[in-house]
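*Asks:* what follows is a predicted structure for the sequence shown.
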Amino acid sequence: MRLILCGPPGAGKGTQCKRIVDKYALTHLSSGDILRAERAAGTELGKKAQGYMDTGALVPDDVIIGMMIGAIKKAAGNYVLDGFPRTLPQAEGLDKALREAGEKVDAIVNLLVDDEVIEKRLTGRRSCPTCGAVYHIENLPPKVDGQCDKSCGQLVQRDDDKPDVVRNRLKTYHEQTEAVVGFYEAEGRSILNINADRDIDEVTTAVFAALNKIDG
Ligand code: AP5
Ligand code: MG
């Protein structure tokens with residue numbers, strides 16, 4: 001199954017992806033996680049991405065498209081894309097690569113949350129830099145304060161979760177990313193709109209119910 005998970009920053013894409021990949025045996029391809037791993041490893045790509053990510057701007061399309069198409073090829077037709085495509089050129093680049101391979105995305109899951117909810121979610125987020133697990137100090141706390149449940153070690157707060165950067169990320173989302181869903185709508189693709197402004201487990205139930213319909 002080939003899926004795209006869309007939604008604003010803090011909608012719960014990473015949180016829901018972890019559950020989707022466990023249930024449907026898919027590979028989780030998060031452009032943000034891949035970029036953060038490149039930064040942590042000090043690669044050229046990571047250094048190039050750093051300035052954009054720190055201010056809440058988007059990394060240039062050519063860099064992202066090459067990086068994600070490479071990752072998609074390795075995932076052998078079973079994946080969920082998280083945070084990609086995020087601009088119309090990225091959606092077109094993905095479409096072209098899939099068309100050339102005779103493939104297509106099965107569904108686009110679109111998580112809907114208002115901007116006001118997002119700031120609270122992001123300032124309370126804690127992430128595991130080793131396994132990518134996502135927690136929230138109130139909504140989804142780890143068993144031991146500050147420590148990953150999978151014994152990886154210390155949780156961290158992302159640099160781009162500061163309030164002014166969060167506002168910029170939301171602005172970027174509305175200006176450049178929201179149109180991606182319209183692109184797929186115009187192509188007649190299956191868009192699964194999910195109200196993501198409710199309890200994490202309720203969102204998961206709604207996502208699974210929608211996916212089970214397309215999975216047959
Ligand atoms: P990326 O890492 O993709 O960040 P994002 O899209 O801003 O999304 P987030 O990871 O912040 O949120 P999420 O939806 O995954 O929410 P989460 O599950 O963590 O991108 C970072 C940067 O990299 C970008 O700004 C850009 O610079 C660059 N980049 C990445 N991809 C790119 C691309 N394609 N093109 C160009 N540049 C790119 O949840 C958030 C918090 O809320 C957690 O604490 C969680 O526990 C909690 N939570 C989740 N669901 C609920 C719920 N239902 N109720 C209550 N709390 C909840
Ligand atoms: Mg994420």
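*Replies:* Received it, and whenever you're ready, just let me know what you need. Numbers count the residues shown, from 1 in each chain. Ligands and ions are numbered 1, 2, ... in the order given.
*Asks:* residues of the chain that sit close to ligand 2?
*Replies:* 13, 14 (C-beta under 5 Å from the ion). In this view, the C-beta of every residue, glycine as well, is placed from N, C-alpha and C.
*Asks:* quick one, strands of the chain?
*Replies:* Assigned by DSSP state E, the strands in the chain fall at 2-6, 27-30, 79-82, 107-112, 125-127, 134-136, 191-195.
*Asks:* may I see those arranged in JSON lines, with distance to residue 146, mean pLDDT and mean neighbour count as well?
*Replies:* Shown next, in JSON lines, are the strands of the chain (distance: least, C-beta to C-beta, whole Å; pLDDT from 0 to 100; neighbours: other C-beta atoms under 10 Å):
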{"stretch": "strand 2-6", "distance to residue 146": "27", "mean pLDDT": "97", "mean neighbour count": "24"}
{"stretch": "strand 27-30", "distance to residue 146": "23", "mean pLDDT": "97", "mean neighbour count": "20"}
{"stretch": "strand 79-82", "distance to residue 146": "25", "mean pLDDT": "98", "mean neighbour count": "24"}
{"stretch": "strand 107-112", "distance to residue 146": "27", "mean pLDDT": "97", "mean neighbour count": "21"}
{"stretch": "strand 125-127", "distance to residue 146": "7", "mean pLDDT": "93", "mean neighbour count": "21"}
{"stretch": "strand 134-136", "distance to residue 146": "9", "mean pLDDT": "94", "mean neighbour count": "20"}
{"stretch": "strand 191-195", "distance to residue 146": "31", "mean pLDDT": "97", "mean neighbour count": "17"}
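*Asks:* count the residues that sit near the nearest residue to residue 56 once chain neighbours are set aside.
*Replies:* Nearest residue to residue 56 in three dimensions, chain neighbours excluded: residue 168, at 3.2 Å (C-beta to C-beta, 6 or more residues apart in numbering). For residue 168, the count of nearby residues is 17 (other C-beta atoms under 10 Å).
*Asks:* who's in contact with residue 168?
*Replies:* 55, 56, 57 (C-beta atoms under 8 Å, 6 or more residues apart in numbering).
*Asks:* what score does it have for pLDDT?
*Replies:* Looking at residue 168, its pLDDT stands at 95.
*Asks:* run through who's touching the longest helix along the chain.
*Replies:* As assigned by DSSP state H, the longest helix anywhere in the chain is helix 200-215. By C-beta under 8 Å, 6+ apart, the residues outside helix 200-215 that reach it are 1, 3, 12, 15-16, 19-20, 23-24, 106-107, 109, 111, 139-140, 190, 192, 194-196.
*Asks:* need the pLDDT of the closest residue to ligand 2 within the chain.
*Replies:* Of all residues in the chain, residue 14 sits closest to ligand 2, at 3.3 Å by C-beta to the ion. pLDDT for residue 14: 95.
*Asks:* how near is it to residue 193?
*Replies:* 19 Å (C-beta to C-beta, to the nearest Å).
*Asks:* same question for residue 207.
*Replies:* Taken as C-beta to C-beta, the span from residue 207 to residue 193 is 11 Å.
*Asks:* again, but for residue 151
*Replies:* 37 Å.
*Asks:* can you pull the pLDDT of residue 216?
*Replies:* pLDDT, read off for residue 216, is 57.
*Asks:* can you check residue 120 too?
*Replies:* On the pLDDT scale, residue 120 gets 88.
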